[in-house]
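A.B. asks: here is my input, please return the structure:
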Amino acid sequence: MHDLVVEGGTIVTATESYRGDVGIIDGKIATLGKNLKGKKKIDATNNLVLPGGIEAHCHIAQESATGGMTSDDYQSGSVSAAYGGNTCFIPFAAQHRGKGINETLDLYDSRSKNSSVIDYSYHLIIADPTPDVMKRELSEAVARGITSFKVFMTYDLMKVSDEQFLEILTTAKEHGVLTMVHAENSGIIKWVSEKLIKGGYTKPRYHAISHPEIAEVEAINRAIMLAKFVDAPLMIVHVSTAQGAALVLEAKNQGLKIFSETCPQYLFLDRNDLDRPGMEGAKFICSPPLRDKKTQDELWKHLQIGTFTVFSSDHSPYRFDETGKLAKGSDAPFHQIANGMPGIAMRLPLLFSEGVNKGRITLQKFVELSSTNAARTYGMLPRKGSISIGADADLAIWDPEITRVVTVEDQHDAMDYTPFLDMEVKGWPVSVISRGSAVILNGKLVGDHSHGRFTPREKIDLTGFGGKPAPELDVESFF
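C.D. replies: The predicted structure is shown next:
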């Protein structure tokens, strides 16, 4: 007898779909079949049963290098993620200068403990790669199940030099860990920003101009070359430009260990949103910035052909008030407005509506982008991201026909706005199950904040990848 049976739905994985029941025992998928017996049942007739979404890029209970705290903590952020069809998320644990890695991870453990309704892990942001960090603390982080590091190529208080980047890449490679990078050319951004501010061009719309496309393209190219030089795996996050995506595709075609991600804001919003009346455009400031309609079309093509490994929200919530976006004043210049926008609840409904229901991607591709690829890339497969015997019973039940108009209330976060307000979407997650326990049931929150737990992750699996370091790094021939 199963503890729970999800019956009568169309089960969809990254490779197939079929009608059937999912039988769950002790939080794990125990049986896939028909007419299964269970102590409890959830009727999924006429609905889709998918692996729960894995939100692999979000900022929860995280302060910036300048001290600003995101609006969502693990309580509100996890609820919002669950309403968006997610059963697991991977926020960032951000090291700041002068802080150790263990100290940083302990801090985030204290923020997440008994707070999340879904399971979680962390990506570790490295901003201060001291000798002790590189020689001791990073290996200790890996032992804790943290198998992804992130670095910045911009932001004065966060960026690493190329030499430090190479050191992190090689250390991550040694430990079987994936390095992630925010790729924008800091010098270009600083130079353009100074010119704009000196000329009095300070409205929100100038944020996009201050982060020109070439700043991302140059940094992506440089990041790929550095990773190629030492033959290390690299994830380029939030790609926003067609040229940047093309560089990723070229690198993948060369057999390099390059992964990439794009986000909803780059497919569903554009730079005209920054030019809304008054300070409304501040709601749409994020980095990299919003681009144009032509770029949206190109990014969709790259999503379809597999250039992008994952599709993440980059949920970075700052309220539209003096605690968030307008902390520096109601008429603050663009460079003093908090970077980031919310989106954790809308990532998957938008992709389902505009991707699946409009024929741009298949259901199987949707599962890849929403869950399975993140699980594989970040060391969670087959435990998560899969509907298979022995996997965690992490499921999202979708009604593919329901139509909703986006509201702030539907986000269930700690925000006072959504950038996707009033958009109409078709397809919505109606129930979400985490390790066999309902978190959302028929649109109602029934989960407990003590349910979610830290999920240690495995090292990255690079089976099938070739490559080797540059010949200059062959010590015998070099010397």
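A.B. asks: isn't residue 230 right up against residue 166?
C.D. replies: Yes - using CB atoms under 8 Å, residue 230 makes contact with residue 166 at a distance of 6.2 Å. Where you see a C-beta, it was placed from the backbone N, CA and C, and this is true even at glycine.
A.B. asks: are we agreed that residue 89 is in a helix?
C.D. replies: No - assessed with DSSP: H, G, I helix; E, B strand; the rest coil, residue 89 is strand; it does not lie in a helix.
A.B. asks: how near is it to residue 53?
C.D. replies: As for residue 89, its distance to residue 53 is 9 Å (criterion: CB to CB, to the nearest Å).
A.B. asks: can you list residues touching both of these two?
C.D. replies: residue 81 (CB atoms under 8 Å, 6 or more residues apart in numbering).
A.B. asks: in the single longest helix found in the chain, what's buried?
C.D. replies: For the chain, the longest helix by residue count, based on DSSP state H, is helix 213-230. For helix 213-230, a neighbour-count test (16 or more other CB atoms under 10 Å) marks 213, 215-224, 226-228, 230 as buried.
A.B. asks: likewise for stretch 444-459?
C.D. replies: Within stretch 444-459, the residues that qualify as buried by neighbour count (16+ other CB under 10 Å) are 447, 451, 452, 454, 455, 457.
A.B. asks: what's the answer for stretch 359-379, then?
C.D. replies: Those buried within stretch 359-379 under the rule 16+ other CB under 10 Å are 360-361, 363-379.
A.B. asks: repeat for stretch 394-402
C.D. replies: Neighbour count says stretch 394-402 has 394, 395, 396, 397, 398, 399, 400 buried, by 16+ other CB under 10 Å.
A.B. asks: hmm, back to that, just flag the most distant two among the buried residues of stretch 444-459.
C.D. replies: Greatest spacing in these, by CB to CB: 447 and 457 (22.2 Å).
A.B. asks: pLDDT score assigned to residue 303?
C.D. replies: pLDDT recorded at residue 303 is 98.
A.B. asks: quick one: contacts for it?
C.D. replies: Counting by CB under 8 Å, 6+ apart, residue 303 has contacts 262, 267, 311, 355, 360, 361, 369.
A.B. asks: can you tell me how far it is from residue 182?
C.D. replies: 20 Å.
A.B. asks: also residue 96?
C.D. replies: Counting by CB to CB - residue 96 and residue 182 are separated by 15 Å.
A.B. asks: who has more neighbours, these two?
C.D. replies: Between residue 96 and residue 182, counted using other CB atoms under 10 Å, residue 182 has the larger neighbour count: 22 against 16.
A.B. asks: partner residues bridging the more buried one?
C.D. replies: Beta bridges link residue 182 to residue 152, judged by DSSP bridges.
A.B. asks: tell me the contacts of it?
C.D. replies: 150, 151, 152, 153, 154, 155, 237, 238, 287.
A.B. asks: with residue 257 instead?
C.D. replies: 227, 231, 232, 233, 234, 462, 465, 467.
A.B. asks: buried set for stretch 382-395?
C.D. replies: Buried residues in stretch 382-395, defined by neighbour count with 16+ other CB under 10 Å: 383, 384, 385, 386, 387, 391, 392, 393, 394, 395.
A.B. asks: quick check: which ranges of the chain have low pLDDT?
C.D. replies: Within the chain, the segments meeting pLDDT under 70 span 475-479.
A.B. asks: quick one, strands of the stretch 301-450 of the chain?
C.D. replies: 310-311, 395-405, 424-434, 437-441, 444-445 (DSSP state E, counting those that start in this stretch).
A.B. asks: out of these, flag the one nearest residue 107.
C.D. replies: Closest approach to residue 107 among these (CB to CB): strand 424-434, 24.6 Å.
A.B. asks: now the buried residues of stretch 394-402 in CSV, with distance to residue 36?
C.D. replies: Formatted as CSV, the buried residues of stretch 394-402 follow (distance: CB to CB, whole Å):
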residue, distance to residue 36
394, 18
395, 14
396, 19
397, 16
398, 20
399, 22
400, 23
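A.B. asks: list just the nearest of these to residue 142.
C.D. replies: residue 394 (23.9 Å).
A.B. asks: host element of the spatially most central residue of the chain?
C.D. replies: In the chain, the residue lying closest to the centroid (CA atoms, centre = their mean) is residue 57, at 2.1 Å. Per DSSP states H and E, residue 57 falls inside strand 53-58.
A.B. asks: and stretch 178-196, how far from the chain's centre?
C.D. replies: Counting by CA atoms, centre = their mean, to the nearest Å, stretch 178-196 is centred 20 Å from the centre of its parent chain.
A.B. asks: what's the answer for stretch 456-471, then?
C.D. replies: That offset, for stretch 456-471, works out to 21 Å (CA atoms, centre = their mean).
A.B. asks: repeat that for stretch 17-37.
C.D. replies: Computed by CA atoms, centre = their mean, the chain-centroid distance of stretch 17-37 equals 29 Å.
A.B. asks: export it as CSV, just CAs?
C.D. replies: The C-alpha coordinates for stretch 17-37 follow below in CSV (Å, rounded to 0.1, in the frame of the first residue of the first chain):
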residue,chain,number,x,y,z
SER,A,17,5.0,11.1,-21.7
TYR,A,18,2.3,8.6,-20.8
ARG,A,19,-0.8,8.1,-18.8
GLY,A,20,-0.4,6.5,-15.4
ASP,A,21,-0.2,6.7,-11.6
VAL,A,22,2.7,7.6,-9.4
GLY,A,23,2.9,5.6,-6.2
ILE,A,24,4.9,7.1,-3.3
ILE,A,25,6.3,5.5,-0.2
ASP,A,26,8.4,7.2,2.5
GLY,A,27,8.8,10.3,0.3
LYS,A,28,10.2,8.4,-2.7
ILE,A,29,8.7,7.3,-6.0
ALA,A,30,8.1,3.6,-5.4
THR,A,31,5.8,2.6,-8.4
LEU,A,32,4.9,3.8,-11.8
GLY,A,33,1.8,2.0,-13.1
LYS,A,34,-2.0,2.1,-13.2
ASN,A,35,-4.7,1.4,-10.7
LEU,A,36,-2.3,1.8,-7.8
LYS,A,37,-3.6,1.6,-4.2
